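J.: Mind looking at a prediction? Sequence and model below.
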Amino acid sequence: MWAMTSIFWFRRDLRLTDHPALAAAAAEGPVVPVFVNDDRLRGPSGPNRLAFLQGCLTALDADIGGHLVVRSGDPATVLAAIADETGADAVYATDDFGPYGRQRDDRVGEALAAAGLAVHYRDSPYAVPPNSVVTGGGTPYKVFTPFFRAWKAHGWPEPSGRVDAQWTADVASEPIDVVEPTASDMPAPGERAAWERVEAFLDGPVFDYEKTRNDPSADGTSRLSPDLKWGTVHPRQLLDRLGPDPSEDVFRSEICWREFYAEVLFQRPETARSSYAPKMANMEVDDGSLADERFDAWCRGMTGFPMVDAGMRQLVAEGWMHNRVRMIVASFLVKDLHVDWTRGARFFMEHLVDGDLASNQHGWQWVAGTGTDASPYFRIFNPTSQSRKFDPTADYLRKWVPEIAHLSNKAIHEPSADPAGAPAGYPGPLVDHASERLESLDRYARLKEQW
DNA sequence: TTTTGAGTTGTTCGA
DNA sequence: GTCGAACAACTCAAA
């Protein structure tokens, strides 16, 4: 039996280690590594995420000896053409569970099968793929904690080693795009850079994670979200390295949140755009020019609430925001400015290097009270007390809001209340938190009358 | 089928 | 300043 040439279609799995789908292709014979520039794959990606993607592709290309074939266009057309040019008779790819990916893969699979190619979707970007963990009644979980227990009990395969493929790619390739990010402080892309982050985190910070993950200035988080987004690291590889320490279990639960939200979006694809909880669908939101102005101030980090502004400026500068601060700015947009959560979610997706549809949309739905296991309506973040509680030394505020850096630790969280007068160049509070909180509670009460 | 315990991340108020 | 209660009721998941 002679070896069969296969195309490996890279998507969100830009690595060479622990890669069962790639290993399956390599087991057949020579592999043509392909990345298709598909406009839809990029989704609502701003230049930050695209620049990181292009960096990951450049690193991958170098790791496989410059053999990566990059083509633009519809994947079905592109892959059929490459198969024709190379004599490949099969296409392998890692399975995709997102709303667009599922639809695309079905369509591409049919088109390629019609062209006489065997299409194999294997593995997934998750330790446990969606539709694997179900309740005793056989239904999908809707609450995180029991999902977490069942997910751990289900378990996952051990990671596998580096795939040693025979690369072949004697066909035309386009240059990898050079995308200039708007963020000035981007993470280093690629599998090797990812593993430097993994080792740095697992070497120490993970053992303090339970405490430091809530401290925006300590920056005790793993910073691995962009790597998980593009698959330069697989969650199995992280889980395999975690032990029984309580702090390690908190990190394990964060990995599980990603899997839980992938499950939820898989079961309810429409919740990428609309309320998961039907009861909350008619919550009053503000639109019109005043709401637009407020939304704009939020985007620019000019709300006059230092912690909100710090977070939004970090998002724009780094393409990343600390998770504690994501909750604070999201709560502020939804419950203080009464803007629809989808507008905030879209802005996040435009800027985040780690922008993952399932995690992002459902994180927003959780804050907005429209999602699974949603925050109770009365749980409304106070941006000023959150600031005092989680950034007591104000290191985070001073880094991102230099206009107020000279204020004392006591005064900086609420500059407008400073007896010395508000600092020049920094806006006063966009709204009054106490009254907007009551407004949100009122809206919830009015909504309940309709039930 | 019914019951029971529980549910990521908060805030405010009053003692 | 610290601490506990109130904020409401509902749905989920398992026993």
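T.: Perfect, thanks for sending it.
J.: Only C-alpha atoms from now on, for both contacts and neighbour counts.
T.: Fine.
J.: Buried ones in stretch A:64-79, by neighbour count?
T.: Using 16 or more other Cα atoms under 10 Å as the test for burial, stretch A:64-79 gives A:64, A:67-71, A:75-76, A:78-79.
J.: contacts for the helix or strand of chain A with the lowest mean pLDDT?
T.: Counting by mean pLDDT, DSSP states H and E, chain A has its least confident helix or strand at helix A:39-42, which shows a mean of 74. Residues outside helix A:39-42 that contact it (Cα atoms under 8 Å, 6 or more residues apart in numbering): A:50, A:73, A:100-101.
J.: Check residue A:55 and give its pLDDT.
T.: We have a pLDDT of 97 for residue A:55.
J.: just how off-centre is stretch A:369-388 within its chain?
T.: Mean C-alpha position of stretch A:369-388 versus that of the full chain (Cα atoms, centre = their mean, to the nearest Å) differs by 20 Å.
J.: Over to stretch A:99-119?
T.: Worked out by Cα atoms, centre = their mean, stretch A:99-119 lies 25 Å from the chain centre.
J.: interface residues of the stretch 351-451 of chain A facing DNA strand B?
T.: Residues of the stretch 351-451 of chain A lying close to DNA strand B by Cα under 7 Å from any atom of the strand are A:363, A:366-367, A:373, A:375, A:378-383, A:385-386, A:434.
J.: check these against DNA strand C, which are close?
T.: A:378-379.
J.: between the residues of the stretch 351-451 of chain A next to DNA strand B, which has the most around it?
T.: Tallying neighbours with other Cα atoms under 10 Å puts residue A:367 at the head of these, with 26 neighbours.
J.: which outside residues touch whatever helix or strand that residue lives in?
T.: Using DSSP states H and E, the element containing residue A:367 is helix A:357-368. Helix A:357-368 has contacts (Cα under 8 Å, 6+ apart) with A:98, A:257-258, A:261-262, A:264-265, A:271-273, A:275-276, A:327, A:330-331, A:334-335, A:341-342, A:345, A:348-349, A:371-375.
J.: how much space between whatever residue of the stretch 101-250 of chain A ends up closest to DNA strand B and residue A:369?
T.: When distances are taken as Cα to the nearest atom of the strand, the stretch 101-250 of chain A reaches nearest to DNA strand B at residue A:145, 3.8 Å away. Computed as Cα to Cα, to the nearest Å, the residue A:145 to residue A:369 distance reads 18 Å.
J.: So if I had to pick from those two, which one is more boxed in?
T.: Just comparing residue A:145 and residue A:369: by other Cα under 10 Å the higher neighbour count belongs to residue A:369, 25 against 15.
J.: Mind listing what's buried along the top helix by length along chain A?
T.: Secondary structure assigned by DSSP state H gives helix A:246-267 as the longest helix of chain A. Buried residues in helix A:246-267, defined by neighbour count with 16+ other Cα under 10 Å: A:247-253, A:255-267.
J.: Would you list the phi and psi of residue A:70?
T.: Per-residue torsions, residue A:70: phi -110, psi 130 (degrees, to the nearest 10).
J.: I meant residue A:113, not that one.
T.: Dihedral pair for residue A:113: phi -60, psi -40, per degrees, to the nearest 10.
J.: got the contact list for the nearest residue to it once chain neighbours are set aside?
T.: Nearest non-adjacent residue to residue A:113, counting by Cα to Cα, 6 or more residues apart in numbering: residue A:119, 6.8 Å away. Residue A:119 makes contacts with A:90-92, A:109, A:112-113, as judged by Cα under 8 Å, 6+ apart.
J.: Neighbours of the residue nearest to residue A:416 when sequence neighbours are not counted, how many?
T.: Once flanking residues are discounted, residue A:416 sits nearest to residue A:422: 5.1 Å by Cα to Cα, 6+ apart. For residue A:422, the neighbour count with other Cα under 10 Å is 16.
J.: circling back to that earlier point, now the helix or strand that comes right after the helix holding residue A:367: average pLDDT?
T.: Next helix or strand after helix A:357-368 toward the C-terminus (DSSP H and E): helix A:383-390. For helix A:383-390, mean pLDDT rounds to 94.
J.: distance between helix A:383-390 and the chain's centre?
T.: Put simply, helix A:383-390 sits 25 Å off its chain's centre (Cα atoms, centre = their mean).
J.: Now do that helix: which elements does it pack against?
T.: Counting contacts by 3 or more Cα pairs under 8 Å, 6 or more residues apart in numbering; DSSP states H and E, helix A:383-390 packs against helix A:306-318, helix A:323-331.
J.: and DNA strand B, which of the ones you listed is closest to it?
T.: With Cα to the nearest atom of the strand as the criterion, DNA strand B lies closest to helix A:323-331 of these, at 6.0 Å.
J.: need the next SSE after the closest one, C-terminal direction.
T.: Of the helices and strands lying after helix A:323-331 in sequence (DSSP H and E), the nearest is helix A:341-351.
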